[in-house]
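model the following, please.
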Amino acid sequence: MKNNLLYIILTLLTFVVGFIFLHTAYFASTKNPYAQEIVLIVLGTVATILITAALLNKQSELELEKEHHLKVFELKSNLYLELIDFIEKIVNKHKISDEELIYIEFLSHKISIIAHPNVLKEYSDFIDILKKVTIDKTISPKESDELSLQLAKLSVKIREDLLNNENSEEEVEKIIIKNVNKF
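Predicted coordinates for the structure are as follows:
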């Protein structure tokens, strides 16, 4: 932002100084009009260079920001999908091992680094349910349903985080929970 402001100030300064110079040169040298045209060409070139530099600088900033957002999106989506795949795996086995509990603990740390606060709040509720249903290291069909329902609620927040869409959160949540309850 500072560079853009600097380019704009330099452009304005160039035009003001150029105008003053041309105004003075115009009345001082009425015999040599080519000198005036050369000065105009130089001023136009300098102004074009400064404007181009400002535009390229802004474009570079936008590209870097876009790349950053893309990397964060990929990281988030990979971690969220890894969590869902892991939950699917343990629900299909109807049990969870100590190693898998350690894995989910470290997956939680990874998610804590990048997740939106709304996701973290819902994830905390999900972990509470996960701990409750896996206390005996087995997962009954009823516990599986409970876990799936809580995962659906978490999925709403994950969707919101990935799509940056907070508008229809309640409507989406109702639809997702309705779909999960059909099973």
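
for the host helix or strand of K58, give the mean pLDDT please.
Following DSSP states H and E, one finds K58 within helix 33-93. Helix 33-93 shows an average pLDDT of 86 in the prediction.

helices or strands next to it in the packing?
Applying 3 or more CB pairs under 8 Å, 6 or more residues apart in numbering; DSSP states H and E, we find helix 33-93 packed against helix 2-28, helix 98-114, helix 141-163. Placement of C-beta: from N, CA and C, glycine included.

what's the closest of those to I38?
Closest to I38 of the helices and strands packed on helix 33-93 is helix 2-28 (CB to CB; 10.2 Å).

elements contacting the closest one?
Under the contact rule (3+ CB pairs under 8 Å, 6+ apart), helix 2-28 is packed against helix 33-93.

quick revisit: return the most buried member of the helices and strands packed on helix 33-93.
Ranked by mean neighbour count under mean count of other CB atoms under 10 Å, the helices and strands packed on helix 33-93 are led by helix 141-163, which reaches a mean of 18.

so for that one, what's the average pLDDT?
pLDDT averaged over helix 141-163 gives 89.

what angle sits between it and helix 33-93?
Between helix 141-163 and helix 33-93, the angle comes out at 180 degrees (axes from the mean of the first three to the mean of the last three CA atoms, to 10 degrees).

separation between the most centrally placed residue in the chain and E160?
By CA atoms, centre = their mean, the chain has its centre lying nearest to H69, at 3.6 Å. Relative to E160, H69 is positioned 16 Å away (CB to CB, to the nearest Å).
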